[in-house]
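[1] Any chance you could fold what I've pasted below:
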Amino acid sequence: MIHKIKKIVEQLSEQEAKSLLLQHFLRLQMLEETNYPESEILASMKKEYQALLKHASEPKYDPYHTVHIVFGDSPAGSLRIALPKDEKVIRFSDQFSIGPVHQLHTEKGLEQRKKWLFLHINLDEEFIDTYIDEFQQALTEIRNIPEHIPIYIWTANNAHEQAGVRLVLHILKEKKNDIRLLNINIAFKNLWPSIIPIHTGELGNEKLKTIYNTYKIEQPLTEQLRNKLADEWEKLAETTDVLRIWENEQIRSVPDSYFDSFIIEKARYLHDGQTQPEFMKSARLIGEVIGNLDEYTGDQFIEYRLRQLILQGVFEIEGVPKAMRFYSVRLQKHK
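    Next up, the predicted model:
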């Protein structure tokens, strides 16, 4: 509950926060200088507290005429800069290529995913504490989009964003909105053919703006394609794997050890640049892996696999693995 209260307070404007603080100070002064019953003041503060909670839980209806759905904080931030103020951005802060997605559109599935992330991925404590509330908020905002509002879903050729597309289309299955997919890889092939981005988070606001202005009048998805992609989510939501890749225009589930050999290969490459195998910062190795992967998994999953390889005796460790910057690794000599 404390994280919910913290979030509510952070959302207050400066004037609202000052007004609230002033009211509390005036009540304290009243207690000291008058015989006003303390119970009355406490009851008044409780009412104010309940009203604040109620106000925070009510949906906010800012005027907008278009909705954009994006997968990731970075592309969401760039998109908000690129778009007019009356176009709404809804974002998922999740990484759908990793972790279980079994029945993720249900409360039970969401709880299971949160538990797996908590046990396996080094994430910010506040992210974990607010994970379900943030996720459900995004789902609620999507379900509440009026049916006359056009929707743009931003994606790229990777398992993370393609899984997100299918989840969103499953949520919107009964809605009549015009829905368009803005695939950045298709856009780059036509606009900047010499560049091949892996995910939307790589793009700055200027390129996002150019893509939107170029493709925003494309034809909406057909009902047939919408249903096909929504049905693919239902099949994906029956799986129990924790790692997915994009292969042959499809999402494919693979073992969580899928990238282990690549991590070892890149460690050998870095060791080759040393006079003898020495400890290297784990962030250095993880950066080398991420920089050469054609898949978008995020550094946190690669770090999870590195820790597993340490436990298996493939790597030695120096330091404490509470975060990438706190420990170094090197391959065991016999590996």
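
[2] How much space separates the residue of the chain most remote from its centre from residue 41?
    Largest separation from the mean C-alpha position in the chain: residue 35, at 52.7 Å (Cα atoms, centre = their mean). Separation of residue 35 from residue 41 (Cβ to Cβ, to the nearest Å): 12 Å. Glycine gets a C-beta too; all of them are placed from N, C-alpha and C.

[3] for residue 299, same thing?
    Residue 299 is 51 Å from residue 41, by Cβ to Cβ.

[4] Over to residue 172?
    Distance from residue 172 to residue 41, counting by Cβ to Cβ: 48 Å.

[5] who has more neighbours, the two?
    The neighbour count for residue 172 versus residue 41, taken as other Cβ atoms under 10 Å, is higher for residue 172 (20 against 15).

[6] quick one, phi/psi of the more buried one?
    phi -90, psi 10 (degrees, to the nearest 10).

[7] That one contacts residue 166, doesn't it?
    No: using Cβ atoms under 8 Å as the test, residue 172 is too far from residue 166 to be in contact (10.9 Å).

[8] list the contacts for the residue most central in space within the chain?
    The residue lying closest to the centre of the chain (Cα atoms, centre = their mean) is residue 93, at 1.7 Å. Residue 93 is in contact with 72-73, 127, 134, counting by Cβ atoms under 8 Å, 6 or more residues apart in numbering.

[9] can you pick the most crowded of these?
    residue 72 (24 neighbours).

[10] So what's the predicted local confidence for that one?
    Residue 72 is assigned 94 on the pLDDT scale.

[11] Please list all residues in contact with it.
    91-93, 95, 160, 199-201.

[12] Kindly report the same for residue 279.
    Taking Cβ under 8 Å, 6+ apart, one finds 316, 318, 328-330 in contact with residue 279.

[13] Just give the nearest non-adjacent residue to it, would you?
    For residue 279, ignoring the flanking residues on the chain, the nearest one in space by Cβ to Cβ, 6 or more residues apart in numbering is residue 328 at 3.9 Å.

[14] Wasn't the residue farthest from the centre of the chain part of a helix?
    No: counting by DSSP: H, G, I helix; E, B strand; the rest coil, residue 35 is not part of a helix but coil.

[15] circling back to that earlier point, overlap of the contact sets of residue 172 and residue 166?
    Common contacts of residue 172 and residue 166 (Cβ under 8 Å, 6+ apart): residue 230.

[16] What ranges in this protein fall below the confidence cut-off?
    1-4, 7, 10-16, 19-20, 36, 54-62, 334-335 (pLDDT under 70).

[17] Quick one: the strands in it, in order.
    66-71, 87-92, 151-155, 179-183, 244-247, 250-253, 280-281, 315-319, 327-331 (DSSP state E).

[18] I'd like these as TSV, with mean neighbour count appended.
    Shown next, in TSV, are the strands of the chain (neighbours: other Cβ atoms under 10 Å):
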stretch	mean neighbour count
strand 66-71	24
strand 87-92	20
strand 151-155	24
strand 179-183	20
strand 244-247	20
strand 250-253	16
strand 280-281	18
strand 315-319	16
strand 327-331	20
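
[19] of all the ones you listed, which lies closest to residue 109?
    The closest of those to residue 109 is strand 87-92. By Cβ to Cβ, the value is 14.4 Å.

[20] Residue 290 touches residue 299, doesn't it?
    Yes: counting by Cβ under 8 Å, residue 299 is a contact partner of residue 290 at 5.4 Å.

[21] List the residues that contact residue 67.
    87-90, 145, 149-152.

[22] Hmm, I typed the wrong one, I wanted residue 102.
    Residues in contact with residue 102 (Cβ under 8 Å, 6+ apart) are 109, 112-113, 237-240.

[23] out of the residues you listed, which is most surrounded?
    residue 113 (22 neighbours).

[24] Residue 142 - how many residues pack around it?
    Neighbours of residue 142 under the rule other Cβ under 10 Å: 18.

[25] Residue numbering should commence at 6 henceforth.
    Sounds good: first residue 6 from here, last item residue 147.

[26] What distance do you get for residue 33 to residue 294?
    Computed as Cβ to Cβ, the residue 33 to residue 294 distance reads 56 Å.

[27] any chance of the contacts of residue 98 in CSV, plus distance to residue 88?
    Shown next, in CSV, are the contacts of residue 98 (distance: Cβ to Cβ, whole Å):
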residue, distance to residue 88
77, 16
78, 16
132, 25
139, 21
